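Visitor: Predicted model follows, preceded by the sequence.
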Amino acid sequence: MKLRLISLAVLLTALFSFAQKQPSPGSLQLIQADELVKAMQSSGGQKPAVLYVGPRLLYTQAHIPGAEYIGPVGRAEGMEKLRARAKSLPHDGFIVIYCGCCPWEHCPNIHPAYQELTKQGFTKVRVLYLATSIGTDWADKGYPTAKGE
Amino acid sequence: MRKLAVLIVLVVLALGLYVMARRRAQRQGWIGVTATSKINGVTARAPAPQVLLTDLNGQNLNTATFRGKVLLVNFWAAWCTPCADEVPQFVNLQQKYHDEGLQIIGISIDDSDSELRDFYRRYKINYPVIAGSQKIAQDFGGILGLPTTLVIRRDGDIEEKFVGATDFAMLEKHVVTLLHSTP
């Protein structure tokens, strides 16, 4: 009886642990920071179009060099800008979107941006995985940044 | 045999709890952020910048005048769910420790004026709230993620920088320790 109870506790713990896993598996195609840097620096192959979908103030403080400012896609104006920009991108092009405004699971911009691009038929969209923020997971780790508009 | 089974179960249980705790800490930004981490050039344990601010009520503030108090500068946004969720807890902290010398300042990032004022009224925020700007963020060494909270000691030095959702139990311990320390 005791063993059964312990086993049940283990099972519940494992399930809880699995449920907490972030990001939600299968919902987004991710790219890690080092992979993105390699892709951007690669002399051959297709370089990604990097789109920033977060708030302006964070972008002007530090952004990935070459990243285009779109704006917070969680808001209607940002979504319109993304739709407008998407019109001039090839559907089989390599696109990386990122935000890093706040902890990953709470970002209001990444999911709408990813869903919009995939809905429009873009086949190679990747989301840069930034667990805590652009500061903690990119700048503080020594990856390249640019300032300003 | 039975003892071995129990042992295995306990080990698995312990591992599960460890993984859960670590994931929680990572999500909250408590792992990898240390007292000596840099904020675009502003290093913890360095003197806090002296910044002139104007709050939502038009009151002018100079952060230098808070020397002698423990100062928390919280960068947040109403649109940022974890930031917004924290506001009532900052309100509680301010109320609880105001008389012992705690002062909180909230600096909002990228909120519209109406959104910010509505939030301020709705949550009955009992500390100054400032609409952030590029200059203010730069004055504090650059803000590269929300929420970000700077903990500034009574002597005016930055004690700690926290990025990501705040562990308020830990923050309160820090605050109490600093409140009880001499300037």
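Guide: Ah, there it is.
Visitor: Might you report the residue contacts of A:Gly107?
Guide: You called it Gly, but residue A:107 is Cys. When contacts are counted by Cβ atoms under 8 Å, 6 or more residues apart in numbering or on different chains, A:Cys107 is found next to A:54, A:99-101. The way it works is simple: take the backbone N, C-alpha and C, and place the C-beta from them, glycine included.
Visitor: Repeat the analysis, applying 7 Å as the threshold.
Guide: Contacts for A:Cys107 (Cβ atoms under 7 Å, 6 or more residues apart in numbering or on different chains) come out as A:99, A:101.
Visitor: Likewise for A:Cys102?
Guide: Applying Cβ under 7 Å, 6+ apart, we find A:Cys102 in contact with A:133, B:80, B:82-83, B:145-146.
Visitor: Compare these and tell me which is most surrounded.
Guide: B:Leu146 (31 neighbours; other Cβ atoms under 10 Å in any protein chain shown).
Visitor: could you say what helices and strands the one helix or strand A:Ala39 maps to packs with?
Guide: For A:Ala39, the host element (DSSP states H and E) is helix A:33-41. On a contact count with 3 or more Cβ pairs under 7 Å, 6 or more residues apart in numbering or on different chains; DSSP states H and E, helix A:33-41 meets no helix or strand.
Visitor: thinking again about what came up before, from the contacts of A:Cys102, which ones fall inside helices?
Guide: Members of those lying in helices (criterion: DSSP state H): B:82-83.
Visitor: Which single one of the contacts of A:Cys102 is nearest to B:Met170?
Guide: Comparing the contacts of A:Cys102 against B:Met170 with Cβ to Cβ places B:Pro82 closest, at 15.3 Å.
Visitor: Spit out the contact partners of the residue of chain A found nearest chain B.
Guide: With Cβ to the nearest Cβ as the measure, A:Ser133 is the residue of chain A nearest to chain B, at 2.2 Å. By Cβ under 7 Å, 6+ apart, the contact list for A:Ser133 reads A:100, A:102, B:144-145, B:163-164.
Visitor: how far does stretch B:144-158 stretch from start to finish?
Guide: 17 Å (Cα to Cα, to the nearest Å).
Visitor: cool, and stretch A:39-58?
Guide: End-to-end for stretch A:39-58, by Cα to Cα: 23 Å.
Visitor: in it, what counts as buried?
Guide: Buried residues in stretch A:39-58, defined by neighbour count with 16 or more other Cβ atoms under 10 Å in any protein chain shown: A:39-40, A:48-58.
Visitor: number of nearby residues for B:Lys135?
Guide: B:Lys135 has 10 neighbouring residues, counting by other Cβ under 10 Å.
Visitor: Which strand or helix spans it?
Guide: Going by DSSP H and E, B:Lys135 is in helix B:134-139.
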